[in-house]
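task: produce atomic coordinates for the following.
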Amino acid sequence: MFTALLMILCLTACGDGGSANKYTYEGVSLALPEGFTVDENSATPIAYGPNYPDNTDNITFSYSGADSIDNYSQEVFETYYSALLGEVTSNSFEKVKVGGKDAIEYNYSLSVNGVEMEQTQVMVFLSDKTVTVTFTSASGEYDSAFEQAIDSISAK
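Down below sits the predicted model:
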């Protein structure tokens, strides 16, 4: 009994190790990097770090209609982003599972107005929509924190 009470007190006091910075968007959740806050005042929510606007590394959230992972390959992404953004270099493409749901993790490098950056998109295919979380790194300052956030992504 005493042990159970101590466990309850510890869980209450200590939390779950990250829920204070947990953000959920359209059924997909992740632990935001420390100090990041979400601005939901536009059509696409965006999370900025504590040094914004000096550091513009960010995380964006969007969704579209239901889709199938079978419609996507690295070549599909390369063709689409090259047409949209110019020269894009694919770094990795992987089909994974997030909370038992199909997902894609695609990482690529690009230059926008002379600024070199790297983006990682995680697309989660839910039954009624596809949720995309995009991590944009121009400084490299949050790369490790972004990896941890990507690893924390879950889906209902």
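
and the host helix or strand of T60, how far out from the chain middle?
Element membership for T60, per DSSP states H and E: strand 58-65. Computed by CA atoms, centre = their mean, to the nearest Å, the separation of strand 58-65 from the middle of its chain amounts to 8 Å.

how about low-confidence regions in the chain?
1-20 (pLDDT under 70).

got a list of contacts for the strand holding T60?
With contacts defined as CB atoms under 8 Å, 6 or more residues apart in numbering, strand 58-65 is touched by 25-26, 28, 32, 36, 44-49, 52, 129-136, 146, 149. The C-beta positions use only the backbone N, C-alpha and C, and glycine is treated the same way.

show me which of those residues are buried.
Listed as buried from the contacts of strand 58-65 are 25-26, 28, 32, 36, 45-49, 52, 129-136, 146, 149; burial here means 16 or more other CB atoms under 10 Å.

in helices, which of those residues appear?
Taking DSSP state H as the definition of helices, the buried ones among the contacts of strand 58-65 contribute F146, A149.

if we look at stretch 80-96, which residues are touching it?
69, 73-74, 77-78, 102-112, 118.

repeat that for 7 Å
The contact list for stretch 80-96, computed with CB atoms under 7 Å, 6 or more residues apart in numbering, reads I69, Q74, F77, E78, A103, I104, E105, Y106, N107, Y108, S109, L110.

secondary structure and neighbour count added to those, as TSV?
As requested, these are exported to TSV (DSSP: H, G, I helix; E, B strand; the rest coil; neighbours: other CB atoms under 10 Å):
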residue	secondary structure	neighbour count
I69	helix	16
Q74	helix	14
F77	helix	18
E78	helix	16
A103	strand	23
I104	strand	21
E105	strand	18
Y106	strand	23
N107	strand	18
Y108	strand	21
S109	strand	14
L110	strand	18
